[in-house]
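*Asks:* When you get a sec, could you give me coordinates for this:
(3 chains)
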Amino acid sequence: MGSHIHRWLLAAVAAAFVASGCGKSPITSTRIETAVAPTFGHLVPLQLSRLGLPAVPASDINVIAACHRADFTSGAGDWVCTLDWYGPNGIPLRDTYDLSVGTDGCYTAAVDRGEGHLGGPTNVASDGRILRNLLYTFDGCFDPT
Amino acid sequence: MTLRAITTVTGVECAKLRDQLAPRVVLAVCALGPFAFIAAMRLQNSTPDDTLFGRHVKESGFATPLVVLGFATLWVVPALTAVVAGDMFAAEDRYGTWRALLTRSRSRGEIFAGKVATAFCFSALALAVLAASSLVAGLVGIGSQPLVDLSGMPLAPARAMGRIAAAWASVLPPAFGITAVAVLLSIVTRSSVAGVGLPVVAALAMQLSVYIDGPDAPRRLLVTYGFGAWHGLLTEPPYYRPLVYGTTVSIAYLVVCLAVAHRVIVRRDIDG
Amino acid sequence: MEPALEAVGISKRYAGCDALSGVSLIAKPGELHGLLGPNGAGKTTLLRIVLGLVRRDAGTVRLFGRAVADPLGPLPDGVAGFVETPTFYPYLSGRRNLELLARLDDDRRGQNGSRVLDALRRVALTEAADVRVAAYSAGMRQRLGVAASLLRSPRVLLLDEPTSSLDPAGAQSVRDMVRRLAAEGVAVVLSSHDMSEVEALCEAVTIIDHGSVVYSGTIDGLRQAAPAPVHALHTSDDRAALALAAGRPALRAAAAADDNGLIVSADTGSLDAYVLALAEIGVAVRTLEHRGRSLEALFLHLTSAVRH
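*Replies:* Numbering: from 1, shown residues only, chains lettered A, B, ... in the order given. Below is the predicted model:
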């Protein structure tokens, strides 16, 4: 009975490897872009409303994301995403985020220091309160299967 | 083997659990742990940013049960689900009480089923207590502000609670898979240390393999794969494939482990 | 009268060694049946097989005329007993242990209280009933084991050396209880390595040694089956005397129970030759007493016969 189970298990693992495409990761730039863009697009109006600033409808923001990584074309690890969007008053803006993407499809996006127009880790609200900047660093997940 | 007989054995095993220290300590830790966590959060400036929703933990009480869930699935949930199951059968070897238990009117199959049912009930109870206590600790300690989900959308309290309940429920299949592994180890090794310790160590190792890049398919064969499926319940739109894969794999572990465990115990010579 | 317990042709092999070969034991209702043998003879293995703890390799077990189909199945109603020292959950009280075991017999939760109390009373454990079993002495545990068996209202009772850990008063009360049970029609099988206890208590006996039956029948029959008179022998060098006897097939000798000389079983001619041979090797005979056919000596004779 023991050796039977051994062979079954080995066959199952081998089949799984073959079926998975043997090394090509499902974590692609498309999947990351499809996740990061809408998340960013929802966080912007949310942060604006928290700060007491005039609302910008989500449909006006129109985020387009372009993500790439230095050494490979897919897989978990460090990615860079460039987000092109329209801010308040329709101004086109570009922000760059450094992403750390895990094998489970979850990522942490941290704004690249060089930009500046999203602010720092905290923002000052219209009533003077200091609030965490939701856009400074945010998490998200996508389907990794 | 009748349902009534199995219920009787389950009742007897639960009665034994009530008089043991370890299960009571575990449930107490589940009930009080989240409150200690929130108290610590309130005292310090930083937040557990390496866990999902950790950034939000001071902004919405609804983040607490999700942060606890994310942290607990690393090794705490396996420990909770193995602590009774891993001891359940090995204890009879340790005390030498198989010969007391098996010289009554219940068959070995009924005794096996009753013990397994008790182990699963305890696992579910421990998780339910931990989930409820995290939610209450969050609401009491932080408040019922809207929770921002993994797609940046704010969730109203009712929706947040529904998603939180679903997230914790989604963790039951892999938890039960680990319970079944603990039952098998308890029977085969006849050692409580192995029955409780090995599933925890194995689950931790499996969870740490998340950090190793590679194809997704072998990952799906791990019983802990389903522990990450809840992420898909908190995005907009939600995705369910990891949940389906994870649940299927967990059921496979459950069926195989319990079938082997049953066969071993029903055929064993009790020499001690 | 139909036998209460019929174990016929029981064999069990463990890792290249025959623990039991074709052993049969038949006990009638109301009979006190001794299962006798030296340590390691296979008594406990036989009891384990009848109690469904260990699978038999061959043979059948019938209880009250019905064959027991599943060798590892639940114990049929009316059968109870224990092997080795009875074990319980040490973190529970004696009463709680019995209540939970009773629930496994028939689930009338909450209604087993009076049965448990009665069983505790019969083994004189009422005062210690609510003490945790971890604090019980070996004797208390043994009495609790008897109580656990009584809970099943047995008609066949299998007890493995039930008085071994008890003081004389406790042992006597177990013997009295066992006699009362037999008088009520219960078939009681008692295993022991102590022939004198079996002789005092039982009317039938099965003697096994090294996994085989060497005698099965009544105590009276055993007394008459002795093939040779038995003598108590004291010499100046008992060890040398035993060694010499080992080489003489017509003669059986073994050390007496309390290291007090030897028991020798032989006919007159062989005994004479042996005494002369002892003198030849320089061993002096100090006393030589005819002991008749005491069963203890018979037991030694029978069990050492198997080894030869």
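
*Asks:* where do the helices sit along chain A?
*Replies:* Per DSSP state H, chain A carries helices over the ranges A:2-19, A:29-50, A:58-61.

*Asks:* Can you read off the backbone torsions of C:Pro86?
*Replies:* phi -60, psi 140 (degrees, to the nearest 10).

*Asks:* thought it was touching B:Thr103?
*Replies:* No - C:Pro86 lies out of contact with B:Thr103 (CB atoms under 8 Å); the separation is 9.9 Å. Where you see a C-beta, it was placed from the backbone N, CA and C, and this is true even at glycine.

*Asks:* May I have the secondary structure class of the residue nearest to C:Pro154 when sequence neighbours are not counted?
*Replies:* For C:Pro154, ignoring the flanking residues on the chain, the nearest one in space by CB to CB, 6 or more residues apart in numbering or on different chains is C:Ala80 at 3.9 Å. Using DSSP: H, G, I helix; E, B strand; the rest coil as the criterion, the local structure at C:Ala80 reads strand.

*Asks:* does C:Arg21 sit in a helix or strand, and which one?
*Replies:* Careful, residue C:21 is Ser and not Arg. Taking DSSP states H and E as the criterion, C:Ser21 maps to strand C:17-27.

*Asks:* now the helix or strand following that strand: mean pLDDT?
*Replies:* For strand C:17-27, the succeeding helix or strand toward the C-terminus, using DSSP H and E, is strand C:32-36. Regarding strand C:32-36, the rounded mean pLDDT is 95.

*Asks:* now whatever helix or strand comes next after strand C:32-36 against strand C:17-27, angle please.
*Replies:* Once strand C:32-36 ends, the next helix or strand along the chain (criterion: DSSP H and E) is helix C:43-50. Angular relation of helix C:43-50 and strand C:17-27 on a 0 to 180 degree scale: 70 degrees, by axes from the mean of the first three to the mean of the last three CA atoms, to 10 degrees.

*Asks:* Helix C:43-50 to strand C:32-36, inter-axis angle?
*Replies:* Here the directions of helix C:43-50 and strand C:32-36 differ by 130 degrees (the same axes, to 10 degrees).

*Asks:* Contact partners for the residue nearest in space to the middle of chain A?
*Replies:* What sits nearest the mean C-alpha location of chain A, by CA atoms, centre = their mean, is A:Val36, with 3.6 Å. Counting by CB atoms under 8 Å, 6 or more residues apart in numbering or on different chains, A:Val36 touches A:Ala65, A:Cys67, A:Cys81, A:Leu83, A:Tyr97, A:Leu99, A:Tyr107, A:Ala109, A:Gly140.

*Asks:* That one and B:Gly228: what is the separation?
*Replies:* 19 Å (CB to CB, to the nearest Å).

*Asks:* Equivalent analysis for C:Ala241, please.
*Replies:* Shown here: C:Ala241 relative to B:Gly228, a distance of 80 Å by CB to CB.

*Asks:* now do B:His56
*Replies:* 19 Å.

*Asks:* So between these two, which is more surrounded?
*Replies:* Neighbours per residue (other CB atoms under 10 Å in any protein chain shown) separate B:His56 from B:Gly228, with B:Gly228 holding more: 27 against 24.

*Asks:* Low-confidence ranges, chain C, go.
*Replies:* Low-confidence segments of chain C, defined by pLDDT under 70: C:107-110, C:225-228, C:257-258, C:292-298, C:301, C:304-308.

*Asks:* contacting residues for the closest residue to chain A within it?
*Replies:* Here chain C gets closest to chain A at one residue, C:Arg55, 17.7 Å apart by CB to the nearest CB. The contact partners of C:Arg55, taken as CB under 8 Å, 6+ apart, are B:Arg267, B:Asp269, C:Lys12, C:Ile49, C:Pro71, C:Leu72.

*Asks:* Now, these that are in strands?
*Replies:* With DSSP state E as the criterion, strands contain C:Lys12 from among the contacts of C:Arg55.

*Asks:* Let me have the contacts of C:Arg55 in CSV, extended by distance to C:Asp106 and neighbour count.
*Replies:* Formatted as CSV, the entries for those read as follows, by distance: CB to CB, whole Å; neighbours: other CB atoms under 10 Å in any protein chain shown:
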residue, distance to C:Asp106, neighbour count
B:Arg267, 26, 10
B:Asp269, 27, 15
C:Lys12, 31, 23
C:Ile49, 25, 27
C:Pro71, 23, 17
C:Leu72, 21, 19
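
*Asks:* How about the lowest-mean-pLDDT helix or strand in chain B and chain A, touching?
*Replies:* Of all helical and strand segments in chain B, the minimum by mean pLDDT, DSSP states H and E falls on helix B:216-220, at a mean of 81. Yes - judged by CB under 8 Å from any CB of the partner chain, helix B:216-220 comes into contact with chain A at B:Asp216, B:Ala217, B:Pro218, B:Arg219, B:Arg220.
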